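In: Sequence first, predicted coordinates after that:
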Amino acid sequence: MSRIGKKPVAIPPGLKVTVEGRIVHVEGPKGKLAWTHRPEVAVAVDAETKTVVVTRHVDDRFSRSIHGLTRNLIANMIHGCLEGYWRSLEVYGVGYGVQLQGRKLTMACGFSHPVVFEVPEGLTVEVQTPQARGDNEPARFTIRGADKQAVGELAARLRKVRPPEPYKGKGVRYAGEYVRRKVGKAFAGTATG
C-alpha cells in the first residue's frame, strides 16, 4: 500500500470538495479548480470525517504509482484554493526590467525587442514598483494563483526568456536562487617576446 496514497486529505473549513464521476472539484476563497483523475484509482469524499480518501482498484505497478500522485494532486488543489501558491522572480541587469499593463507582462531582457507574455486566467502578477526599490536592486515580480502547476509553469517560462548567465549574473532568476559565478578571461598585461 502506498504510504502517501492511503493518508486521507483533510478538508479545512471554508472549502467545498465534490466528486462527479472522475472529476474532482475544489472551491475555496482563492478560486475554483477541477481535475480529472485516472480510472485506476477511486476518489471519495467522507462527509463525517471531512476528508478525501483515495483508493486503488488493482495492485499493479502503475496503479501504485498513480495512487500517491492522485492523493498529492488533490492535496495541492485544496491548499491552492485555501491559501494559494506564489513564485517570486528577479530580473538582474542594466536596462533589464518588467512592466504589467492589464493582462500583458512586458519584459526587457537585453534583446532588441521587448518580450510580451499574456498572463493566463486564474493567475495574477504583481510587479514591485521602481520607487520601492533602490537603484542597484533587481526588478522583482510575483506570480500568484490557486493552481500550483500553472504558477510554476508560468514562472519557468518567464525564467527561460533569459536564464541567469554565470559571468555577470544578468538574467531572470527565482528569488533566492544561487547563481554560481565564473571568473572571466584574464588578459595579459605585457606582451611576451
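Out: Happy to help now that I have it.

In: Show me the domain layout of this structure.
Out: The record's domain parsing of the chain by automatic domain parsing lists 9-82, 85-174.

In: so what's the most centrally placed residue in the chain up against?
Out: Nearest to the geometric centre of the chain sits residue 152, at 2.0 Å (CA atoms, centre = their mean). Residues counted as contacts of residue 152 (CB atoms under 8 Å, 6 or more residues apart in numbering) are 85, 87. Every C-beta, even on glycine, is put in place using the N, C-alpha and C of the backbone.

In: Pull up the gap between it and residue 140, please.
Out: Here residue 152 is placed at a distance of 18 Å from residue 140 (CB to CB, to the nearest Å).

In: tell me, which helix in this protein spans the most residues?
Out: Ranked by number of residues, the top helix in the chain under DSSP state H is helix 61-82.

In: Neighbouring strands of the helix or strand just after that helix in the sheet, and parallel or not?
Out: As assigned by DSSP states H and E, the chain's next helix or strand after helix 61-82 is strand 85-92. Counting by DSSP bridges, the strands paired with strand 85-92 are strand 139-145 (antiparallel), strand 171-174 (antiparallel).

In: would CSV of the ones you listed with mean neighbour count be doable?
Out: Shown next, in CSV, are these (neighbours: other CB atoms under 10 Å):
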stretch, mean neighbour count
strand 139-145, 20
strand 171-174, 20
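
In: which residues pair with residue 34 across the strands?
Out: Beta bridges link residue 34 to residue 25, judged by DSSP bridges.

In: That one and residue 22 touch, don't they?
Out: No: contact criterion CB atoms under 8 Å: residue 34 and residue 22 do not qualify, at 10.8 Å.

In: re earlier: quick one: which of the strands paired with strand 85-92 is nearest residue 187?
Out: Between residue 187 and the strands paired with strand 85-92, the tightest spacing by CB to CB is seen for strand 171-174, at 24.8 Å.

In: Apart from its chain neighbours, what residue comes closest to residue 157?
Out: Counting by CB to CB, 6 or more residues apart in numbering, residue 157 lies nearest to residue 117, which is 7.2 Å off, once chain neighbours are set aside.
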